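**Student:** Turn this into a model:
(one chain, ligands or ions: 5)
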Amino acid sequence: EGGGNMAVSGEGAPEGLCGPERPGAGGLALLGLAPSAPSCPHGPALLFVKTSQGKEEGRRFYACSACRDRKDCNFFQWEDEKVSETRLAAREEYNRNHQPPFTHRQNVERYKNFVLLPLSRRRFCQQCQQLLLPAEWEKHLDHQFLCDISTAQLKSPSQLLYPLENKKTNAQYLFAGRSCQFLLDLIIDLGFRRVLSVGTPRLHEMIQSKASQEDFRVRSLLLDIDFRYSQFYTEDEFCHYNMFNHYFFGGEAAHETCRKFLYQGSGERVIMVTDPPFGGLVEALASSFKKLMAMWKETEKEGHNQEMPMFWIFPYFFESRILEFFPSFSMMDYQVDYDNHALYKHGKTGRRQSPVRIFTNLTPSMIVLPVEEGYRFCAVCQRYVSSGNQHCEICNSCTSKDGRRWKHCVLCKKCVKPSWFHCNNCNCCALQNHTCEKTDAVCFVCGKAGHKRSTCPSLSHT
Ligand code: SAH
Ligand code: ZN
Ligand code: ZN
Ligand code: ZN
Ligand code: ZN
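**Tutor:** Residues are numbered from 1 along each chain as shown. Ligands and ions are numbered 1, 2, ... in the order given. Predicted coordinates for the structure are as follows:
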């Protein structure tokens, strides 16, 4: 099963059963960003509801928006909990103490001093993930460090920093050079001059290092929660940002930086590109992206009815979730490859199929996919499709999602994965060895049949 057994938690299961959604981890549902939400070091917490099947209402609580692993941020508060003044004060103190050791401004100053140093005095502490100035060496003597940090290394921080590997919270999957170059070429061919890079440090870095070349006019602003990047970029190039609650750690000034960047003076068209962690909550991401889109729109004087162009890079099995929030989006067949993900990268022997795709609100026919990699244009669908994706005459569409040739099921009235068979018990197609599960046919929030979690009447969506 190419791309079938991925380590992805949460909602869109790759080989999920058809019918209503399966319960998320531990029966948790996101309610969203409440106006009076308490804050943890990662900004305002999100409101969740803990549910048990069959129960009318679950108990609501706040938890960290960015960290799904309690080990990384253990913020927790019941919605109806009375928090004492002492605890509030302690919490504020805790939040202050859990900010990075240097501010972004300080890091920019440090960088300026760092590049003045001769090569032999340029060190990077691998343990602290920090550029070191000579006066600081002493404190890091028993740490592993790199010497002779070159300008080239400073220009590719995503190679210098180790990718964060926390599976649950913040696994960093870096684009393979080929995919990154494809994205940038596409952006340029489409005529964009500015890229809002949300959680795409490698794309940002590719743009930044080309920006020093004379005839290269594209600019990028990186929004990312990984503060290590503030060591390499100025406040006009990087904002410390949480994409699950649309929180700018740098406050109003950072907001303003972003706003300015989105303002398309002199016809400089902007596109947003994002590659969020896959374990992430789609509704939280969508709500933040809508706020970024609104920021873009506000900068437009004419106030025309367009949306900010966007590439949302995400696995194909989240398609229906993304379309729920962004009906104007469509999924492209292009398979995005990664450097440090065993499952998603090209193998030496032939291709490992990556499940990661580009979702966009641009007209699909404009997204030209590389013919030399087997993509072809389907004149009926008016978009580029992967080589294995056959146009189904009955569906009147190129129906494959994963790149393999899918087959049409007359009973389901749609195309399904080649490995699936129609199950008369479940009344839908599934893997041959699946277990027929009737319990899946109820909403896991309220336990009643007839609707999905996302439309459950017992949840008031914020
Ligand atoms: N493929 C991309 C990297 C994607 S990995 C590239 O090569 O450029 C996901 C990225 O999102 C990482 O850079 C990570 O630091 C960032 N990220 C994770 N959680 C985030 C959050 N809550 N807010 C903002 N960025 C986040
Ligand atoms: Zn150190
Ligand atoms: Zn087609
Ligand atoms: Zn079909
Ligand atoms: Zn079927």
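
**Student:** I figured F182 hits Y334, correct?
**Tutor:** Yes. At 7.3 Å, F182 and Y334 qualify as touching, with contact defined as CB atoms under 8 Å. Backbone N, C-alpha and C define where each C-beta goes, glycine included.

**Student:** Which stretches in the stretch 201-350 of the chain count as helices?
**Tutor:** For the stretch 201-350 of the chain, helices defined by DSSP state H, counting those that start in this stretch occupy the ranges 201-211, 251-262, 282-298, 319-325.

**Student:** Ranking the ones you listed by mean neighbour count, which comes first?
**Tutor:** Mean neighbours per residue, mean count of other CB atoms under 10 Å, is largest over the helices of the stretch 201-350 of the chain for helix 201-211, with a mean of 22.

**Student:** so what secondary structure elements neighbour that one?
**Tutor:** On a contact count with 3 or more CB pairs under 8 Å, 6 or more residues apart in numbering; DSSP states H and E, helix 201-211 meets helix 151-155, helix 157-160, helix 177-189, strand 194-198, strand 219-224.

**Student:** ok so, going back, higher neighbour count, F182 and Y334?
**Tutor:** Y334 (24 against 19; other CB atoms under 10 Å).

**Student:** got the contact list for the more buried one?
**Tutor:** 182, 357-358, 367, 369, 375, 384, 386 (CB atoms under 8 Å, 6 or more residues apart in numbering).

**Student:** Quickly name whichever of the residues you listed is closest to C258.
**Tutor:** Lowest distance from C258 to the contacts of Y334 (CB to CB) belongs to I358, with 22.5 Å.

**Student:** For ligand 5, see how far away L30 is.
**Tutor:** For L30, the distance to ligand 5 (CB to the ion, to the nearest Å) stands at 31 Å.

**Student:** so how many other residues sit close to that residue?
**Tutor:** Per other CB under 10 Å, the neighbour tally for L30 reads 22.

**Student:** and it, what are its bridge partners?
**Tutor:** Assessed by DSSP bridges, L30 has beta-bridge partners F48.

**Student:** so L196 touches D224, yeah?
**Tutor:** No. With contact defined as CB under 8 Å, L196 does not reach D224; the gap is 11.4 Å.

**Student:** And these two? Which one has more around it.
**Tutor:** Neighbour totals were compared for L196 and D224, and L196 leads with 25 against 22 (other CB under 10 Å).

**Student:** The nearest residue to that one once chain neighbours are set aside and ligand 1, how far apart?
**Tutor:** Computed as CB to CB, 6 or more residues apart in numbering, the closest residue to L196 that is not its neighbour in sequence is M272, at 4.2 Å. Going from M272 to ligand 1 by CB to the nearest ligand atom, to the nearest Å gives 13 Å.

**Student:** which ones are touching M272?
**Tutor:** Residues counted as contacts of M272 (CB under 8 Å, 6+ apart) are 195-196, 198, 289, 292-293, 296, 308-311.

**Student:** 7 Å - rerun?
**Tutor:** Residues in contact with M272 (CB atoms under 7 Å, 6 or more residues apart in numbering) are 196, 198, 292, 308, 310.

**Student:** Considering those residues, which member attains the minimum pLDDT?
**Tutor:** Among the contacts of M272, M308 has the lowest pLDDT, at 95.

**Student:** May I see the helices of the stretch 201-350 of the chain organised as CSV, with distance to ligand 4 added?
**Tutor:** Compiled in CSV, the helices of the stretch 201-350 of the chain are given as follows (distance: least, CB to the ion, whole Å):
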stretch, distance to ligand 4
helix 201-211, 35
helix 251-262, 41
helix 282-298, 26
helix 319-325, 16
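
**Student:** Looking at those, which is nearest to ligand 5?
**Tutor:** helix 319-325 (17.3 Å; CB to the ion).

**Student:** so what secondary structure elements neighbour that closest one?
**Tutor:** Using 3 or more CB pairs under 7 Å, 6 or more residues apart in numbering; DSSP states H and E as the contact test, the elements touching helix 319-325 are helix 282-298.

**Student:** any bit of the helix it packs on sitting next to ligand 1?
**Tutor:** No. Judged by CB under 6 Å from any ligand atom, helix 282-298 and ligand 1 are separated, with a smallest distance of 8.3 Å.

**Student:** quick one on the thing from earlier: now, which of the contacts of M272 sits nearest ligand 5?
**Tutor:** Relative to ligand 5, the closest of these is M310; by CB to the ion it sits at 33.6 Å.

**Student:** Output the below-cut-off pLDDT ranges for this protein.
**Tutor:** Residues of the chain meeting the criterion pLDDT under 70: 1-26, 53-56, 166-170, 280, 301-304, 341-352, 437-462.

**Student:** go again using 80 as the cut-off
**Tutor:** Scanning the chain for pLDDT under 80 picks out 1-28, 51-57, 68, 165-171, 212-214, 264-267, 279-280, 300-305, 340-353, 437-462.

**Student:** quick one: the residue nearest the centre of it from ligand 4, how far?
**Tutor:** Most central in the chain under CA atoms, centre = their mean is P276, positioned 0.8 Å from the mean C-alpha point. For P276, the distance to ligand 4 equals 31 Å [CB to the ion].

**Student:** can you tell me how far the residue nearest to M293 when sequence neighbours are not counted sits from A294?
**Tutor:** Closest residue to M293 in three dimensions, ignoring its sequence neighbours and counting by CB to CB, 6+ apart: M308, at 4.6 Å. Distance of M308 to A294, given as CB to CB, to the nearest Å: 9 Å.

**Student:** In contact with R122, which residues?
**Tutor:** Taking CB under 7 Å, 6+ apart as the test, what R122 contacts is 114, 148-149.

**Student:** So which bits of stretch 429-437 are buried?
**Tutor:** 429-430 (16 or more other CB atoms under 10 Å).

**Student:** is any part of it close to ligand 4?
**Tutor:** No. Using CB under 5 Å from the ion, stretch 429-437 stays clear of ligand 4, with a minimum separation of 11.5 Å.

**Student:** Can that stretch be said to contact ligand 5?
**Tutor:** Yes. Applying CB under 5 Å from the ion, one finds stretch 429-437 touching ligand 5 at C429.

**Student:** how far does that stretch sit from the chain's center?
**Tutor:** How far stretch 429-437 lies from its chain's middle: 31 Å, per CA atoms, centre = their mean, to the nearest Å.

**Student:** same check, this time on stretch 184-193
**Tutor:** For stretch 184-193, the distance to the chain centre is 21 Å (CA atoms, centre = their mean).

**Student:** so which of the contacts of M272 comes closest to ligand 2?
**Tutor:** Relative to ligand 2, the closest of these is V198; by CB to the ion it sits at 29.4 Å.

**Student:** so what's the residue in the stretch 201-350 of the chain positioned nearest to ligand 3 up against?
**Tutor:** Nearest residue of the stretch 201-350 of the chain to ligand 3 (CB to the ion) works out as D333 at 10.4 Å. The neighbours of D333, taking CB under 7 Å, 6+ apart as the test, are 369, 375, 384-386, 389.
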